[in-house]
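Chemist: sequence and computational prediction follow.
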Amino acid sequence: MEFTAAEKQAIEKLRTRYPEPRSLVLPLLWMIQKREGYIPEEAVSLIAEELQIPPIWVEEPRTWYSMFNTQKKGKYIIEVCQNATCSVLGSEEIIDHICERLQIKVGETTADGMFTLQVAECLGSCGTGPVMQIDDICYDLLTPEKVDQILDDLRHGKVHEQQPLSFPEYQ
Amino acid sequence: MNNLKILLNYTPNGKSHTLADYLQRGGYNTLKEYLPRVKPDEIVAEVKTSGIRGRGGAGFPAGLKWSFLAKDTGKPIYLICNADEGEPGTFKDRIIMEENPHLLLEGIIITAYAINATHSYIYIRGEYAFAAQRVQVAIDEAYQAGYLGKKLPGTEYETNITIHRGAGAYVVGDETGLMNSIEGKKGFTRIKPPFPAVAGLYGCPTIINNVETLASIPHIVTHGGTKYKALGTQQSSGTKLFSVSGHIRKPGVYEVIMGYPFRDFLNNECGGIIDGRQLKAVIPGGSSTPVLRPEDVTDMTLDYESIEKAGSSLGSGGMIILAEGTCMVKLLEVLIRFYHHESCGQCTPCREGTGWLYKIISRIEAGKGQLDDVDELLRITKFISGYTVCPLGDAACGPINSFVEKFRDEFIEHIEKQSCPFGGKFIPFQEIVN
Amino acid sequence: MKQVKLIVNDKEISVPEGTLLIDACDQHGIYIPRFCYHEGLFPSGNCRMCLVKIEKNPKPVPACMTPVAENMVVSTETPEIAEMRKAILEFILINHPLDCPICDKAGECMLQDQYQAFSGESSKFKEDKIPKGKLYHFSERIVYDAERCITCTRCVRFTRDISKTNKLGIIKRGDRSYVALAPGDTFDDAYSLCVTDICPVGALTSRQFRFKERVWNLEKTDSICAGCARGCNISLQQRNNKILRIIPRFNPEVNQYWMCDFGRDYYLQIAAERLTGARIEGTPSTYENFVAVVADVLKNNAANTAFILSSHATNEELAAAQKLCAQLGIQQFYSKADRVWHPDSAEVQQDDFLILADKTPNQKGVEKYFPAAQPLSGLESNGKSFTFVWGPNVLAELVEPTQTIVLSTVADPVTDKAKWVLAGRTAAEKSGSFTNFAGVVQSFKQAISGEQNYDDLAFFNDLLKVLTRD
């Protein structure tokens, strides 16, 4: 496993922004995850070498931060918020719906490797809950129908753009 | 309600995040007009006078915090903007970052000048990809326009801003956890003293402020601290963003002058409870703040003192409204599951205690509770609160203690019936609203 | 050093400025319970067991992270503190497996001891404990049990600040966390076993000692390591005359709290193939006969004898040998390390912590009693016909055509072919003193009795007796 030339360039730029190389651990873990979809064990020594720090200093953050995947997952990782407001607004039903639709349990990946279902803590969009995040896109005001549409789009390779936050008015 | 907009001072026209729009609204005037005329110490004094309290949740007076900064250490000084916004129920910093990022940047630049910061970091939580995008674009625009990376007009000072992305951890919202995260470590919190203003990021004097706090700075220095102090109440000056969600007709982010009556806010601005239901409970300032019953909030106004008098805390302003029919035990299970998941693991009471509490509450909700479980919850929180390294332990105890205190009968009912009286579900919200 | 006055439990005490409150209390007979604090490590304040009340603070503070301040008023024994200590112990125990019957740490376990002293109460935990891995092989020496671990971070701080290998860390979060190495890594650390000393519970244990013996059955003798010229202070722990475990003892001047892994193995290795008895030309002899014969040989050939000294010998033995050689008139002395560092071995040659390149415990003693000793390279050309070889692994082969007397502990090519061979003793089997590389003289007592071998000191004295009798 190696860093690409473009990644190396980005790393050099990052080095100028922090007085200590250890600060680059999170940015580099993100870099690997963006490329691979997760952070494999080999990446630990790669990053440690690059920053000249002990490998355990890379392994600790890799396993501690919940957004870092330490194992390979599906092409799309669906994270449904299960925290306070979203729960109250029906996130459990959304999770159950996805489980039923995709025939998987929370934490599992579909047989075709397309979708992994996970639960997340508060994603900061409580006003438009229930909310789920897939890659960098936050989908809110979820209903089972909306979820079906989104998953269908993704299956067909459609790329969504983030919609700015827009609050509803309920009756 | 007075329509004064300090933070949400933009028209939602889809372009409010751009530099052009910001300039049109008088943006960056403070940098051009004010900074050349004042010394850094004067800005600190102005902010002190304004009485603005940290808007992240702790409510510590910002100007006072700045004055603790250790000078003459020979070390670099760092300014960190805490954009981790992880407190459940809170989504107000997000609005500023996505729709009004330049206001935040201007606030950061002025603050950096005031404390003579060597470098500024904006720590944006990993989940806020869109917000980070918008802020990065704004930063690029600011560099291009010469507000960053070049000497500020009329001064010898120049500064740089770097965005540092989080990766999913609530505890890094604590300022010491945040610093450890920027340093590349797990977000463990640190024991204070030493305080960050003396030895913080990389051991250097550091000021950490919330997004909303920093975004309030341009207004304070333009209009003066005294005018800001005059807004609001005795101990709570200025305006505060409240992010309101839950069983409410009009969820959203609202800018409120401190002291505004809660009842008016709930029924007017927020449109009242959905479906004409009755109010059952209010969590005023984020999940860590104690829950309140309707009788607690009759005369409550939206400010630190009044909410504290009512038995809770203004916190981050992440308000969650709950209607009759909500199972409070189930909600508590959701909350404690969160704190258990987020406990960093370094200190004994929080690491073991949050797991223990979660297991007991799960059992009660699942209909397997025993009568001594309820007091056991209070016994456990008694030995977490005040004994941990950081306030996450106390934050976990906030909901436990208040839910048991205010809704004890529901816990007893779960136990006596050996099942959840609400059928193990929340109000069918989707059915109601669709 | 400026002194600071403070009041602890209504008693005024005075300590140097900068002292940690927990140490100040220790120094004045007030014990504050702790898990994560260790005097030899930087404090971390995360176990929360050492919280005490300070007058001006609304919340209790960790005594291990609080330096003393003038006029500080401290209470360590309030009812609140007593209740809190019970609670911390209860929290630690809720997920802790009750392994005591099978755990090596029993009898020297901080959790057991402090539970007895500060709690003794039953747990009210009714839930399921969190299962974790119970058998991680961090290396061939170290076994880790994640369920017993209380994530105090002592071991992590040790490899970060003391051995500086940065091998250990704590991965995952909350009550799912446990100690681990980086993926694919092993615990290669010349001081790795120190983590088993400092682990407050039975999470990190020594594979070599695992299940061997209950610590309360061990007889413990203070001794000095003979593995190199550092002379780390150690405790030899034995049962039935067999050394089962070696651990370090605190000495602020020599080794603080630590010792290297090689030193722990040293005596166990020597317990293997030992020489026995006395032999003349391959035939067993009685000790008395051997002494008489050798005394005779030496008396008649002193001028023609090369004497190779052992830097593994005690100062007392060297003094006796000096007297003997003076009596005999032997003047040709050589000295060489009797344990050579092998580049192929995993052993560290030298580092900037404790390990020294001189792998013998008493070279300084040899230099003191035999200042005229030459390096061994001069032996070949000296033209002597008799060689006295003292100590194991000194020569690779006999020096032909001399006749050789050997006083050694293990068999080697020289002992196989030498004419007169006497089995000697290791440092564990005798009392005496070594002088370390810095000139510090350290005494030690015999820990186990030698079996079928003879005391070197007695041998030289007996030779002297025979010679002066005539």
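Modeler: Thanks, I have it.

Chemist: nearest residue to residue 73 in space, ignoring adjacent ones along the chain?
Modeler: If you meant another chain, say so; for now it's chain A. A:T116 (4.1 Å; CB to CB, 6 or more residues apart in numbering or on different chains). Backbone N, C-alpha and C define where each C-beta goes, glycine included.

Chemist: nope, chain C
Modeler: Using CB to CB, 6+ apart, the closest residue to C:V73 is C:E55 (3.9 Å).

Chemist: look at the residue nearest to A:K73 and say how many residues are nearby.
Modeler: Applying the criterion other CB atoms under 10 Å in any protein chain shown, we find 24 residues in the vicinity of A:T116.

Chemist: need the contact list for it.
Modeler: A:73-74, A:76-78, A:107-110 (CB atoms under 8 Å, 6 or more residues apart in numbering or on different chains).

Chemist: quick one: low-confidence parts of chain C?
Modeler: Residues of chain C meeting the criterion pLDDT under 70: C:269-271, C:337-338, C:381, C:399-401, C:470.

Chemist: if we can go back for a sec, so who does the residue nearest to C:V73 touch?
Modeler: Contacts of C:E55 (CB under 8 Å, 6+ apart): C:72-75.

Chemist: Throw those residues into JSON lines and include neighbour count, secondary structure and distance to A:D153, thanks.
Modeler: Output for these, formatted as JSON lines (neighbours: other CB atoms under 10 Å in any protein chain shown; DSSP: H, G, I helix; E, B strand; the rest coil; distance: CB to CB, whole Å):
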{"residue": "C:M72", "neighbour count": "19", "secondary structure": "coil", "distance to A:D153": "65"}
{"residue": "C:V73", "neighbour count": "13", "secondary structure": "strand", "distance to A:D153": "67"}
{"residue": "C:V74", "neighbour count": "25", "secondary structure": "strand", "distance to A:D153": "65"}
{"residue": "C:S75", "neighbour count": "16", "secondary structure": "strand", "distance to A:D153": "65"}
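
Chemist: of these, closest to chain B?
Modeler: C:M72 (13.9 Å; CB to the nearest CB).

Chemist: is the nearest residue to that closest one once chain neighbours are set aside in a helix, a strand, or coil?
Modeler: Nearest residue to C:M72, sequence neighbours excluded (CB to CB, 6+ apart): C:L6, at 4.2 Å. Under the three-state scheme (DSSP: H, G, I helix; E, B strand; the rest coil), C:L6 adopts strand.

Chemist: and C:L6, how close does it get to C:K53?
Modeler: Remark: distance between C:L6 and C:K53 (CB to CB, to the nearest Å) = 13 Å.

Chemist: now swap in C:P284 and tell me
Modeler: Distance from C:P284 to C:K53, by CB to CB: 72 Å.

Chemist: out of the two, which sits in the more crowded spot?
Modeler: Between C:P284 and C:K53, counted using other CB under 10 Å, C:K53 has the larger neighbour count: 18 against 11.

Chemist: so who does that one touch?
Modeler: C:K53 neighbours (CB under 8 Å, 6+ apart): C:60, C:74-76, C:78, C:80-81.

Chemist: among those residues, which one sits closest to chain A?
Modeler: Ranked by distance to chain A (CB to the nearest CB), those are led by C:P60 at 27.6 Å.

Chemist: in chain B, what residue is nearest chain C?
Modeler: Closest point on chain B to chain C, by CB to the nearest CB, is B:F383, at 3.6 Å.

Chemist: quick check: closest non-adjacent residue to that residue.
Modeler: C:A87 is the one closest to B:F383 (CB to CB, 6+ apart), at 3.6 Å.

Chemist: thanks a lot, catch you later.
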